[in-house]
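> Sequence and predicted structure below; questions after.
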Amino acid sequence: MAISTAAPRMLALGRAELILLGRNKMALYVALLLPVLMVWTMRTTIGDMDLGDTGMSLNETSLTGAFGFILLFVIYQNLVSAYVARREELVLKRLRTGEAGDAEILGGTALPAVAVAVAQMVVLVVAGVFWMDLRAPARPDLMLIGMVLGVVLSIALAALTTTWAKTVESAQLVTTPLLLISLVGSGLLIPLEAMPDVMADACELLPLSPVIELVRGGWLGGLSAYETVGHLVTALAWTYLAVFAVRRWFRWEPRR
């Protein structure tokens with residue numbers, strides 16, 4: 001019964017948020033165009049890199065890394081701004097006085113960004129297989145698990161990041177550290193296999209690294225059972241910690 005009543009409330013919140021997203025042209029352009037621009041930039045950046053040790057081609061590296069760009073820019077960055085804006089407008093506070101639970105409010109607000117992200121991920125796979133001659137996903141189940149964990153983790157990290165943002169304007173600033181760390185260290189721009197061993201071992205522990213490795217391994221194959229379990233445990237641990245931190249420190253109303 002609880003699930004049957006929660007779904008309509010989340011969809012209603014999602015529809016309202018989608019309307020607001022459509023009115024915010026800058027946020028819409030970031031969600032739709034920035035990941036594509038980043039993939040093109042990535043191909044240009046690593047075009048001269050020797051990828052022989054990674055076992056991946058330029059197209060394989062670019063397209064699998066693009067999943068990280070989508071998680072960062074379509075979900076994470078957009079949601080930080082959305083959550084802060086709704087908090088400062090007292091929308092979140094008013095919603096909490098109704099029947100919707102905390103997870104429903106945060107999840108409903110995230111629905112449009114998640115829908116756009118999932119659509120872009122599907123387009124990536126289709127374009128990669130039918131246009132760029134990449135192999136079909138070797139482990140679709142593993143790839144799906146990585147995508148789901150990435151979406152949930154990105155939402156939780158976005159909600160947590162809002163605790164450091166006092167205004168909508170500062171929301172873009174507080175997302176910068178995770179964006180830069182993930183772009184450089186989580187295998188989006190430079191595959192972990194191309195890094196020195198010590199650096200790669202450290203970067204594997206970053207929040208998005210296990211997600212990218214699961215998606216990359218699910219599409220291209222090559223992950224051993226040991227590596228798969230290790231990435232799953234790391235991704236689940238980060239997700240649990242992020243959700244716990246959100247429940248503990250997320251602010252539902254403006255600071256006084």
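Great, that's in hand. The model shown is predicted, which means the values in this text are computed figures rather than measured ones.

> C-alpha only now, for contacts and for neighbours.
OK.

> all helices for the protein, in order.
Under the criterion DSSP state H, the chain carries helices at the ranges 2-23, 25-45, 58-69, 78-88, 91-96, 102-130, 140-161, 168-174, 176-185, 197-203, 209-220, 225-249.

> and those helices, which is most packed in?
Counting by mean count of other Cα atoms under 10 Å, helix 209-220 has the highest mean neighbour count of those, with a mean of 26.

> now the angle between helix 58-69 and that one, please.
Interaxial angle, helix 209-220 versus helix 58-69 (axes from the mean of the first three to the mean of the last three Cα atoms, to 10 degrees): 140 degrees.

> Using CSV, write out every CA atom in helix 209-220.
Extracted C-alpha coordinates of helix 209-220, given in CSV (Å, rounded to 0.1, in the frame of the first residue of the first chain):
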residue,chain,number,x,y,z
SER,A,209,35.7,4.7,-9.8
PRO,A,210,33.9,1.4,-9.1
VAL,A,211,30.9,2.5,-11.0
ILE,A,212,32.9,3.3,-14.1
GLU,A,213,34.8,0.0,-13.8
LEU,A,214,31.6,-2.0,-13.5
VAL,A,215,30.0,-0.2,-16.5
ARG,A,216,33.2,-0.6,-18.5
GLY,A,217,33.6,-4.2,-17.6
GLY,A,218,30.0,-4.9,-18.3
TRP,A,219,30.3,-3.5,-21.8
LEU,A,220,33.8,-4.6,-22.8
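
> between that helix and helix 140-161, how many degrees?
Here helix 209-220 points in a direction 160 degrees away from that of helix 140-161 (the same axes, to 10 degrees).

> Name the residues that touch helix 209-220?
By Cα atoms under 8 Å, 6 or more residues apart in numbering, the residues outside helix 209-220 that reach it are 60, 64-65, 67-68, 135-147, 149-150, 182, 185-188, 203-204, 223, 228, 231-232, 234-235.

> picking that back up, can you redo the helices of the chain as JSON lines with distance to residue 255?
Compiled in JSON lines, the helices of the chain are given as follows (distance: least, Cα to Cα, whole Å):
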{"stretch": "helix 2-23", "distance to residue 255": "23"}
{"stretch": "helix 25-45", "distance to residue 255": "24"}
{"stretch": "helix 58-69", "distance to residue 255": "31"}
{"stretch": "helix 78-88", "distance to residue 255": "9"}
{"stretch": "helix 91-96", "distance to residue 255": "12"}
{"stretch": "helix 102-130", "distance to residue 255": "19"}
{"stretch": "helix 140-161", "distance to residue 255": "15"}
{"stretch": "helix 168-174", "distance to residue 255": "13"}
{"stretch": "helix 176-185", "distance to residue 255": "22"}
{"stretch": "helix 197-203", "distance to residue 255": "35"}
{"stretch": "helix 209-220", "distance to residue 255": "33"}
{"stretch": "helix 225-249", "distance to residue 255": "13"}
